[in-house]
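Participant: coords below, sequence missing:
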């Protein structure tokens with residue numbers, strides 16, 4: 001057993017993001033991301049139902065979809081180079097076969113592809129979100145499977161080519177198993193291995 005690390009006052013400023021297209025391997029997004037503007041985790045809302053005697057009972061509403069929105073700076077229609085992200089358009093418009101031949105050509109498609117997402121914050125960050133943080137170091141990780149890119153909005157905001165992208169997923173699969181997992185360690189043990197699939201933990 002290793003000694004526990006130092007838990008920070010707050011996780012801030014830097015995190016690693018990895019995206020795994022269905023059938024592919026992790027693509028590192030940290031260098032493309034300026035900010036994560038929305039973490040729309042699900043709501044478990046409820047409302048009170050009034051009884052004839054004036055009492056109340058809690059009625060639970062169905063849980064909603066979850067999502068994450070982030071700003072990226074695409075430099076290419078190419079999806080990645082050596083598993084480092086270069087662009088996102090082929091995540092939004094998946095081609096029959098990923099186009100990596102110059103010149104890269106991406107047609108609009110009706111196809112939707114599932115993605116796995118890894119968000120990692122750690123006392124000492126490894127090379128990628130899918131890699132394990134060092135032993136004895138604190139870490140917090142969120143992993144998502146079966147997510148779809150539902151929005152890709154390029155712009156010249158700030159006079160620089162950027163895009164706001166959103167991934168969404170249902171909180172549960174058809175068999176009621178989870179599509180999102182949050183994990184942390186105080187450094188006394190390492191986190192388990194990260195996902196390597198877009199569809200399973």
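Facilitator: Nice, thanks for sending it over. A quick note: this is a predicted structure, and the numbers were derived from the prediction, not measured.
Participant: Do you have the strands of the chain handy? List them.
Facilitator: Assigned by DSSP state E, the chain shows strands spanning 16-21, 27-28, 33-40, 46-50, 56-60, 66-72, 80-81, 84-85, 114-122, 139-155, 162-169, 180-185.
Participant: so how far is residue 157 from residue 163?
Facilitator: Taking CB to CB, to the nearest Å as the measure, residue 163 falls 10 Å from residue 157. The C-beta positions use only the backbone N, C-alpha and C, and glycine is treated the same way.
Participant: of those two, who's got more company?
Facilitator: residue 163 (20 against 12; other CB atoms under 10 Å).
Participant: contacting residues for the more buried one?
Facilitator: By CB atoms under 8 Å, 6 or more residues apart in numbering, the residues touching residue 163 are 71, 72, 73, 74, 88, 152, 153, 154, 155.
Participant: Then residue 68?
Facilitator: Residue 68 makes contact with 36, 38, 39, 40, 117, 119, 144, 147, 166, 167, according to CB under 8 Å, 6+ apart.
Participant: what about the fourth one, how many neighbours?
Facilitator: So the one you mean is residue 40. For residue 40, the count of nearby residues is 13 (other CB under 10 Å).
Participant: Spatially nearest residue to it (excluding sequence neighbours)?
Facilitator: Nearest residue to residue 40, sequence neighbours excluded (CB to CB, 6 or more residues apart in numbering): residue 67, at 4.3 Å.
Participant: Verify the stated contact: that neighbour with residue 165.
Facilitator: No - using CB atoms under 8 Å, residue 67 is not in contact with residue 165, being 10.6 Å away.
Participant: coming back round to it: now the weakest link among the strands of the chain, please, by mean pLDDT.
Facilitator: Lowest mean pLDDT of these: strand 33-40, a mean of 83.
Participant: And that strand, how far out from the chain middle?
Facilitator: A distance of 10 Å separates the centroid of the chain from that of strand 33-40, by CA atoms, centre = their mean, to the nearest Å.
Participant: thinking residue 155 is in contact with residue 164, fair?
Facilitator: Yes - Residue 155 lies in contact with residue 164 (CB under 8 Å); the separation is 7.4 Å.
Participant: Neighbour count: the two, which is higher?
Facilitator: Remark: of residue 155 and residue 164, residue 164 carries more neighbours, 17 against 11, as counted by other CB under 10 Å.
Participant: who does that one bridge with?
Facilitator: With DSSP bridges as the criterion, residue 164 is bridged to residue 71, residue 153.
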